[in-house]
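**Q** curious how this folds, go ahead:
(one chain, ligands or ions: 1)
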Amino acid sequence: MTENSKERLAERRGQETQVYQPAEDSALLAKAVCKAVRQSDRVHEIGTGSGWVAAQIAAETGASVTASDINPHACRAAADRGVQSIRADMFGPFVDNAFDAVLFNPPYLPTDPDEEWDDWMEHALSGGPDGRRLVVPFLTGLSRVLSASGSGYLLISSLTGYEAVESIAAENGLTVESIHEQSFPFETLFVLKLTRYS
Ligand SMILES: C[S@@+](CC[C@H](N)C(=O)[O-])C[C@H]1O[C@@H](n2cnc3c(N)ncnc32)[C@H](O)[C@@H]1O
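**A** Residues are numbered from 1 along each chain as shown. Now for the predicted structure:
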């Protein structure tokens, strides 16, 4: 991990130990998905954290938005915001073709095993050594839970490896289109739209 990545990790972590609070990545994802979603869509956010993104999308689009997270404190925080939430590991409990849109702002910071912390913020921030610890299961499981015309929305960083993500998506029958991006001093953030090959 570079010095910049370490600084970024510490800055993101702040004093918070339980629930990831909305940051620039959350805002970018919310903005992009609000433009893409229709009122009639069944929308689900994986890894909802505070529930802020899900609540924004519900308020701005009028769509039905549900959420899940592996962290029970996050599920409580999202529920307190009025977002219907369940505790789940990725797509585990969801039936096939359940959603028209699925979004995820995954833990993506590349992190050496000896830099990780054993708490809920580690689940929120650490993407493992290559940053793709949760990106891979998202890309692998997405098609099953999407409706025929559905789309996935995945936030990634230049630190996550854009080309590697594209190639894992292609292996799973998904096309990738970057629908929003923003550059920061240490990274560029992208919101990817993922759709099945027709
Ligand atoms: C970077 S935070 C994003 C939080 C929120 N969506 C946002 O944008 O502000 C990543 C979230 O993914 C959750 N997460 C990590 N591993 C997960 C898993 N296996 N299944 C579901 N959620 C997971 C974390 O608990 C955390 O809340």
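
**Q** contacts, neighbours, all on C-alpha from now
**A** Noted.

**Q** which bits of the protein sit near the ligand?
**A** On the criterion C-alpha under 6 Å from any ligand atom, the ligand has as its neighbours in the chain the residues 20-22, 26, 46-49, 53, 69-71, 88-90, 105-107, 123-125.

**Q** how about 5 Å then?
**A** For the chain, the residues in contact with the ligand under the definition C-alpha under 5 Å from any ligand atom are 22, 26, 47-49, 69-71, 89-90, 105-107, 123-124.

**Q** among those residues, who's most crowded?
**A** In terms of neighbour count, Thr48 stands highest of these at 33 neighbours, by other C-alpha atoms under 10 Å.

**Q** in the chain, spot the strand with the most residues.
**A** Secondary structure of the chain per DSSP state E: the longest strand is strand 146-157.

**Q** check which helices and strands the next helix or strand after it sits against.
**A** Toward the C-terminal end, the helix or strand that comes next after strand 146-157 (DSSP states H and E) is helix 162-171. Counting by 3 or more C-alpha pairs under 8 Å, 6 or more residues apart in numbering; DSSP states H and E, the packing neighbours recorded for helix 162-171 are helix 135-145, strand 174-183.

**Q** average pLDDT for the next helix or strand after the shortest one?
**A** What that stands for is strand 174-183. Past strand 174-183, further along toward the C-terminus, the next helix or strand under DSSP H and E is strand 188-196. Confidence for strand 188-196, expressed as mean pLDDT, is 97.

**Q** taking the residues of the chain next to the ligand one by one, which sit in helices?
**A** By the criterion of DSSP state H, membership of the residues of the chain next to the ligand in helices covers 26, 123-124.

**Q** now, of the helices and strands packed on helix 162-171, which is deepest in the fold?
**A** helix 135-145 (a mean of 18; mean count of other C-alpha atoms under 10 Å).

**Q** tell me the angle that one makes with strand 146-157.
**A** Between the axis of helix 135-145 and that of strand 146-157 there is an angle of 160 degrees, by axes from the mean of the first three to the mean of the last three C-alpha atoms, to 10 degrees.

**Q** what lies in contact with helix 135-145?
**A** Contacts with helix 135-145, where a contact means C-alpha atoms under 8 Å, 6 or more residues apart in numbering, come from 90-91, 94-99, 102, 106, 108, 152, 165, 168-169, 172, 196.

**Q** and it, how far out from the chain middle?
**A** 12 Å (C-alpha atoms, centre = their mean, to the nearest Å).

**Q** next one: stretch 175-194
**A** In terms of C-alpha atoms, centre = their mean, the gap separating the centre of stretch 175-194 from the centre of its chain is 12 Å.
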